[in-house]
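>>> Using only what follows, build the 3D model:
(one chain, ligands or ions: 1)
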Amino acid sequence: QQTGYQAWLEYHPIALNQVEQYAGYSGIVCTEKEEAIQTAVQELSRGISKMLGKELAVSGNGEDKVVFALGTFGGGNALVDRTFDEGTRSAIKAEGFAIKTDQASGSLVIGASSASGVLYGVFHLLRLISTHQSVNKLDIIENPVNMLRMINQWDNIDGSIERGYAGKSIFFENNRITTDLTRVRDYARLLASSGLNAISINNVNVHHWETKFLTEEYLPDVARVAGVFRSYGIKLFLSVNYASPLEIGGLSTADPLDPAVREWWRVKAAEVYAAIPDFGGFLVKADSENRPGPFTYDRDHADGSNMLAEALKPYGGIVIWRCFVYNCKQDWRDRATDRARAAYDHFKPLDGRFMDNVILQVKNGPMDFQVREPVSPLIGAMEATNQMIEFQITQEYTGQQRHLCYLVPQWKEVLDFETYAKGDGSSIKRIVDGSLYGNRFSGFAAVSNIGNDTNWTGHLLAQANLYGYGRLAWNPELSAEEIAEEWIRMALGGDEKLVSVVMGMLMDSWSIYEAYTSPLGVGWMVNPDHHYGPNVDGYEYSKWGTYHFADCHGIGVDRTKAAGTGYAAQYKGKNYETYESVENCPDELLLFFHHVPYTHVLHSGQTVIQHIYNTHFEGVERAEQLVAKWASLEGSVGELVHKQVADRLAEQATHAQEWRDMINTYFYRKSGIADALGRKIY
Ligand code: GCW
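Here you go, the predicted structure:
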């Protein structure tokens, strides 16, 4: 009975009429012993055995047979060396691969310049087979577009997960690192198979016990975890506490310019690398939401991050420094402070001061992973600084994996956004892949959405977000539909009706969620703290003020340069002009940039108030249609899986009504304007 545990590596058996094309394959040829290559061999045999029902022998030679051959160029596999010419070899970068069908023998040959490249090649081939594509005439060259393709776990040592919606941590329990790492290994498979190559395993909010990960009390266990990820070509990072020298070092300061502090970090780095020679580096949340940082010592983020970077540099390590820095105690009377401005205001002036092994990690939007935000204007604004983008796979503000929300279309919009940072052709994806400014380091990071729930993500369909994130990090040109289709076929099976129904559900889901939650880009309107469910004024009247300024006259935040906080002026050229102008600002972001009366007419032709009513009524109807669509699939997916998703969708439809009713009644009572269509508003 399918449970979802295998996720997209379910490897459904291939139908008999399709198996024929594989009938001749008699073995796997591999000559190399390197760990990730051995992993690749195991993965290939496992996938083939499940899909084709045959066990393949592994040998070092198979020139006269029809085989799967794999290896690095010049690594001793004659088939690999014979198959790929000089041109192909030089086109393959560090983690890339080539796959070719050898026309003479029919053998399938995977070649790469590194062991992890071979592993990615194997997963690619398995993906082709499991999505029923022909392998008769393959001639593929693939290189990952982004250098760092990273996952951030927000897991705590007590087993809880900050913003986790799929059970407890698979890494930690009872204040120790888990002793049985089987599940961690299965997670590593999922990550590598979607193309990811880096992971930080603990929460960016580093508390008391996690601070000790850098000590001998925990380091050997951390090293064991690193070993598991290593076998899948994934580098391990740790989130570190900026105040470590105070908390575990016995020093009286963490001042980044203090020689004793610098020395402390140098020694620490040496200890970490002695335990984990290929350690990735540190991820740091500093001076953010009450976490310690260089501000305490009147130093800035360049001072703080460079100190760590200097310690890691001899080992090739990097510092990933988060830009989620803002004043979380803004007073409602203070209309000049604007959280949206904060990252840019803090970091832009520091451009050019960061060491070349520091990367700034910037959230995709200026606020915090709302269903709709503009793209962060900081991305691309620092030409002399390495940057990477941070997405949130875990659905903190997008339904917490109780609601369906396929996020790949949202991420695609962000990646395709034209910043004009260096004139035309300066899209976000070209900044974060390092090509626009020729950065030394760059890439993607995202907050994971998994826990120890059997199906990993709670809502089974939320697996598509984890998978999709990896695929996009590998190649941002893939479309949201292509990615969805791959996931559906691999995880659920290839029945055509199933594929088209689930595809429709996934592709509509973001817009449905947006429809019944906060309108027109204004965001928030959730319950403070846990962030689930509607509460229009929750943050309006909280200490962590994040405002929409709705009153009886209108709603929205004036972020114009002319009359508001000036945030719009952080954008370049045409973007600034578009957002600054109430006429040109796109509807979906109107209330993010402007405060308007409820009677303001949108580009859609509707007034703001009528738009709110319409989208909320329609949003619920559309959520109800999701239930019906999934119901039509009964029998075409396993019973357990069907029921699990059906339950979540039913809950979503009910909860969407609560959203609709709360939002509609709020705005009806504020505005005094009735629904033009006379529907029931409480
Ligand atoms: O999204 C917010 C979350 C916090 C989180 C913070 C961050 C890890 O509500 O839980 O803390 O952002 O990104 O640092």
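
>>> So which bits of the stretch 251-400 of the chain are right by the ligand?
Counting by Cβ under 6 Å from any ligand atom, the stretch 251-400 of the chain comes close to the ligand at 285, 289, 324, 368-369, 396. Every residue, glycine included, has its C-beta placed from N, CA and C.

>>> now those in CSV, with neighbour count?
Compiled in CSV, those are given as follows (neighbours: other Cβ atoms under 10 Å):
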residue, neighbour count
285, 24
289, 12
324, 19
368, 17
369, 23
396, 23
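
>>> Which ones among those map onto helices?
Mapping those onto helices (DSSP state H) picks out no residues; all lie outside.

>>> Which strand or helix spans the residue of the stretch 401-550 of the chain found nearest the ligand?
Closest contact between the stretch 401-550 of the chain and the ligand, by Cβ to the nearest ligand atom, is at residue 531 (6.5 Å). In the assignment (DSSP states H and E), residue 531 maps to no helix and no strand.

>>> Between the two ends of stretch 558-576, how far is it?
Using Cα to Cα, to the nearest Å, the end-to-end distance of stretch 558-576 comes out at 14 Å.

>>> what's the distance between it and the middle of its chain?
Stretch 558-576 sits 28 Å away from the centroid of its parent chain (Cα atoms, centre = their mean, to the nearest Å).

>>> cool, and stretch 505-513?
18 Å.

>>> what does that stretch rub up against?
371, 398-399, 403-407, 409-410, 461, 464, 480-481, 484, 488, 619, 622-623, 626, 629-630 (Cβ atoms under 8 Å, 6 or more residues apart in numbering).

>>> distance of the residue most central in space within the chain from residue 484?
For the chain, the residue nearest the mean C-alpha position is residue 446 (3.2 Å; Cα atoms, centre = their mean). Separation of residue 446 from residue 484 (Cβ to Cβ, to the nearest Å) stands at 17 Å.

>>> Around the ligand, pick out the residues from the stretch 101-250 of the chain.
Contact residues (Cβ under 6 Å from any ligand atom) of the stretch 101-250 of the chain with the ligand: 154, 162-163, 204-205.

>>> which residues does residue 57 contact?
Listed by Cβ under 8 Å, 6+ apart, the contact set of residue 57 reads 26-28.

>>> now do residue 103
Counting by Cβ under 8 Å, 6+ apart, residue 103 touches residue 137.

>>> so how far is the ligand from it?
52 Å (Cβ to the nearest ligand atom, to the nearest Å).

>>> That residue in helix, strand or coil?
With DSSP: H, G, I helix; E, B strand; the rest coil as the basis, residue 103 sits in coil.

>>> Quick check: phi and psi at it.
Reported as degrees, to the nearest 10, the phi and psi values for residue 103 are phi -60, psi -30.

>>> Could you report the separation of it from residue 541?
71 Å.

>>> Equivalent analysis for residue 655, please.
According to Cβ to Cβ, residue 655 stands 23 Å off from residue 541.

>>> what's downstream of the helix-or-strand element of the chain with minimal mean pLDDT, the next helix or strand?
When each helix and strand of the chain is scored by mean pLDDT, DSSP states H and E, helix 16-19 comes last, with a mean of 78. Using DSSP H and E, the helix or strand that follows helix 16-19 towards the C-terminus is strand 27-29.

>>> now for that next one, which elements pack on it?
Other elements packing on strand 27-29 under the criterion 3 or more Cβ pairs under 8 Å, 6 or more residues apart in numbering; DSSP states H and E are helix 35-52, strand 57-59, strand 67-72.

>>> By mean pLDDT, show me the worst of those.
When mean pLDDT is averaged over each of the helices and strands packed on strand 27-29, strand 57-59 scores lowest at a mean of 94.

>>> returning to what we had before: quick one: the residues of the stretch 251-400 of the chain next to the ligand as a markdown table, columns for pLDDT too.
Converted to a markdown table, those look like this (pLDDT from 0 to 100):
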| residue | pLDDT |
| --- | --- |
| 285 | 98 |
| 289 | 90 |
| 324 | 96 |
| 368 | 96 |
| 369 | 98 |
| 396 | 98 |
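
>>> before we move on, the earlier item: confirm the residue nearest to the centre of the chain sits in a strand?
Yes: assessed by three-state DSSP, residue 446 belongs to a strand.

>>> Wait, it touches residue 393, no?
Yes: here residue 446 reaches residue 393: they are 4.9 Å apart, a contact under Cβ atoms under 8 Å.

>>> Now do the shared contacts for the two.
What both residue 446 and residue 393 touch, as defined by Cβ under 8 Å, 6+ apart, is the set residue 469.

>>> Residue 604 - nearest residue in space that isn't next to it in sequence?
Leaving aside its sequence neighbours, residue 604 sits nearest to residue 587 (Cβ to Cβ, 6 or more residues apart in numbering; 5.9 Å).

>>> Please work out how many residues are found near that neighbour.
Neighbourhood size, residue 587 [other Cβ atoms under 10 Å]: 15.

>>> That one and residue 483, how far apart?
Taking Cβ to Cβ as the measure, residue 587 and residue 483 are separated by 27 Å.

>>> cool, and residue 311?
38 Å.

>>> swap in residue 583?
Distance from residue 583 to residue 483, by Cβ to Cβ: 36 Å.

>>> Just give the number of residues close to residue 138.
As a burial measure, residue 138 scores 18 neighbours (other Cβ under 10 Å).

>>> re earlier: which SSE is the nearest residue to the residue nearest to the centre of the chain once chain neighbours are set aside in?
Leaving out its chain neighbours, the residue that sits closest to residue 446 by Cβ to Cβ, 6+ apart is residue 391, at 4.1 Å. Here residue 391, judged by DSSP H and E, is contained in strand 386-392.

>>> Name the residues of whatever helix or strand comes next after that strand that are buried.
Going down the chain from strand 386-392, the next helix or strand is helix 408-416, by DSSP H and E. Neighbour counts using 16 or more other Cβ atoms under 10 Å place 408-412, 414-415 of helix 408-416 among the buried residues.

>>> ok, now stretch 519-538?
So stretch 519-538, judged by 16+ other Cβ under 10 Å, has buried residues 519-526, 528, 531-536, 538.

>>> same question, stretch 288-302
In terms of neighbour count (16+ other Cβ under 10 Å), stretch 288-302 has its buried residues at 288, 291-297, 299-302.

>>> per-residue confidence at the residue nearest to residue 277 when sequence neighbours are not counted?
If the residues on either side of it in the chain are set aside, residue 277 comes closest to residue 315, at 8.0 Å by Cβ to Cβ, 6+ apart. Residue 315 carries a pLDDT value of 98.

>>> who touches residue 315 in this structure?
269, 273, 277, 279.

>>> For the first one, which residues are in contact?
Spelled out, it's residue 269. Contacts for residue 269 (Cβ under 8 Å, 6+ apart) come out as 311-312, 314-315, 317.

>>> Backbone dihedrals for it, please?
According to degrees, to the nearest 10, residue 269 has phi -60, psi -40.

>>> The closest residue to the ligand within the stretch 1-150 of the chain in helix, strand or coil?
Proximity to the ligand, evaluated over the stretch 1-150 of the chain using Cβ to the nearest ligand atom, is greatest for residue 150 at 14.5 Å. Using three-state DSSP, the structure places residue 150 in strand.

>>> Identify the farthest-apart pair in the buried residues of stretch 288-302.
In the buried residues of stretch 288-302, two members sit farther apart than any others by Cβ to Cβ. They are 291 and 302, at 17.6 Å.

>>> Next secondary structure after the helix or strand harbouring residue 127?
Element membership of residue 127, judged by DSSP H and E, is helix 115-130. Using DSSP H and E, the helix or strand that directly follows helix 115-130 along the chain is strand 139-142.

>>> ok so, going back, I'd like the buried residues of helix 408-416 as CSV, with pLDDT and distance to residue 120 appended.
Listed next are these as CSV, based on pLDDT from 0 to 100; distance: Cβ to Cβ, whole Å:
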residue, pLDDT, distance to residue 120
408, 98, 20
409, 98, 25
410, 98, 26
411, 98, 21
412, 98, 22
414, 98, 24
415, 98, 21
